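Trainee: With the sequence up front, the predicted model follows.
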Amino acid sequence: MKRIVMVAMAALSVAGCTTAYQREGFTGGYSDSKITRDTFQINFQGNGYTSVATVRKYALFRCAEVTLENGYEYFFLVGGDRGGSASRLGNSYLEHAMISIQIRCGHGPAPEDAYDAREIIENLQMEVLGKKWTPKPPAPQGTK
């Protein structure tokens, strides 16, 4: 019985925190998928304690990670962006912010409206991760 109470208390304490920068899980996070060779869908969902501004920052950071992890240098937005939403739960509102973005990635001279993935990582890594970003090796071109 004591163990069940401790597990329940731990679950409640986790549920009361803002969403961390993480793969999508119980308290929110990011998910992404490859649409074409150079186009990706990035989603980030916060919980009731995560602001729309934080969700947007995390999604932008994930866009930069996906760009670099797939061997590209820059990206630009080609679609998406659902800002915030609220869901009714009982007599009160449980608000949660979410964003969905489609990006196209590229190499070489960047278009004027493109985001430099390395610059975004450099500028946001400490705020988002609390440490320096460690890149994963780029995925081979033409694979998922």
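Mentor: Arrived safely. Numbers count the residues shown, from 1 in each chain.

Trainee: Tell me where the model's unsure across the chain.
Mentor: Applying pLDDT under 70 to the chain flags the ranges 1-16, 81-95, 137-144.

Trainee: Now do the buried residues in the longest helix along it.
Mentor: The single longest helix within the chain, with elements called by DSSP state H, is helix 52-69. Under the neighbour-count criterion of 16 or more other CB atoms under 10 Å, helix 52-69 has 52, 54-69 buried. Every residue, glycine included, has its C-beta placed from N, CA and C.

Trainee: now do stretch 64-84
Mentor: 64-70, 72-75, 77.

Trainee: Between its first and last residues, how far does stretch 107-114 reach?
Mentor: Distance between the two ends of stretch 107-114: 11 Å, counting by CA to CA, to the nearest Å.

Trainee: so residue 50, which of the three states?
Mentor: Secondary structure, DSSP: H, G, I helix; E, B strand; the rest coil: residue 50 is coil.

Trainee: ok, it touching residue 22?
Mentor: No: counting by CB atoms under 8 Å, residue 50 stays clear of residue 22, with 11.6 Å between them.
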